[in-house]
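Student: Predicted model and sequence follow; I will ask about them next.
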Amino acid sequence: MKRAQMEILGLAIVVVLILVATTFIVRFLVLKSPTEYRAGFVSSELASNTLNTFLKTSAAECSQLSMTELLQDCARAESITCDNGQSSCSFVNSTAKSILSKTLGIWAIRYEFLAYTDAKLPLIKIGQQCRGEKKSKLFPIPATTTTIYAKLDIC
């Protein structure tokens, strides 16, 4: 009788140890918050994907031209006038404000969007300048005589 009781007690101890180990595994591996490097990667990808999508967006009001083509015109001479009477610069500016406020703004993500040929004199500037850490994406856009840079910073 004593031998059977000792075996049952041993099994009970093994079961308790397995439960304690499982609890620690669940606590530290499954329920841990996202790591910092993953959060940085997500912000960087968000900046890249958002800017890439914006630049490829075509404008029905401007003869189906893409935002990239409108930015090229904006840097050259603003010779394109959209159906609503806006110049290419004005149209890209208002469209960028609308799209970014309806996405990043609603998600409460601080950002700054710039389009420039000279960083000191941006053609378009939307949002607040990031202070501290930021993730950026810079797209160079070739124009006839210069290069336009479209930059999105995620704060």
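Tutor: Yep, that arrived. Source: prediction; values computed, not measured. Residues are numbered from 1 along each chain as shown.
Student: Domains in this structure, by residue range?
Tutor: Residue ranges for the domains of the chain, per automatic domain parsing: 1-32, 46-154.
Student: looking at those, which is buried most?
Tutor: domain 46-154 (a mean of 16; mean count of other C-beta atoms under 10 Å). Heads up, the C-betas are built off the backbone N, CA and C, glycines and all.
Student: follow-up on the earlier one: lowest average pLDDT across the domains of the chain?
Tutor: Note on the domains of the chain: domain 1-32 shows the lowest mean pLDDT, a mean of 80.
Student: How about the residue nearest to the spatial centre of the chain, nearest residue that isn't a chain neighbour?
Tutor: What sits nearest the mean C-alpha location of the chain, by C-alpha atoms, centre = their mean, is Leu46, with 2.0 Å. Leaving aside its sequence neighbours, Leu46 sits nearest to Ile154 (C-beta to C-beta, 6 or more residues apart in numbering; 5.8 Å).
Student: Tell me the bridge partners for Ile154.
Tutor: Per DSSP bridges, the residues bridged to Ile154 are Tyr111, Lys135.
Student: now it: how far from Ala47?
Tutor: Counting by C-beta to C-beta, to the nearest Å, the separation of Ile154 from Ala47 is 5 Å.
Student: what sits in contact with each of these two?
Tutor: Both Ile154 and Ala47 are contacted by Lys135, Ser136, under the criterion C-beta atoms under 8 Å, 6 or more residues apart in numbering.
Student: where do the helices sit along this structure?
Tutor: Using DSSP state H, the helices of the chain run over 2-25, 36-56, 67-76, 88-100.
Student: Redo those helices as JSON lines? Include distance to Ala150.
Tutor: Listed next are the helices of the chain as JSON lines, based on distance: least, C-beta to C-beta, whole Å:
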{"stretch": "helix 2-25", "distance to Ala150": "46"}
{"stretch": "helix 36-56", "distance to Ala150": "6"}
{"stretch": "helix 67-76", "distance to Ala150": "7"}
{"stretch": "helix 88-100", "distance to Ala150": "9"}
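Student: Glu133: which of these is closest?
Tutor: Relative to Glu133, the nearest member of the helices of the chain by C-beta to C-beta is helix 36-56, separated by 8.4 Å.
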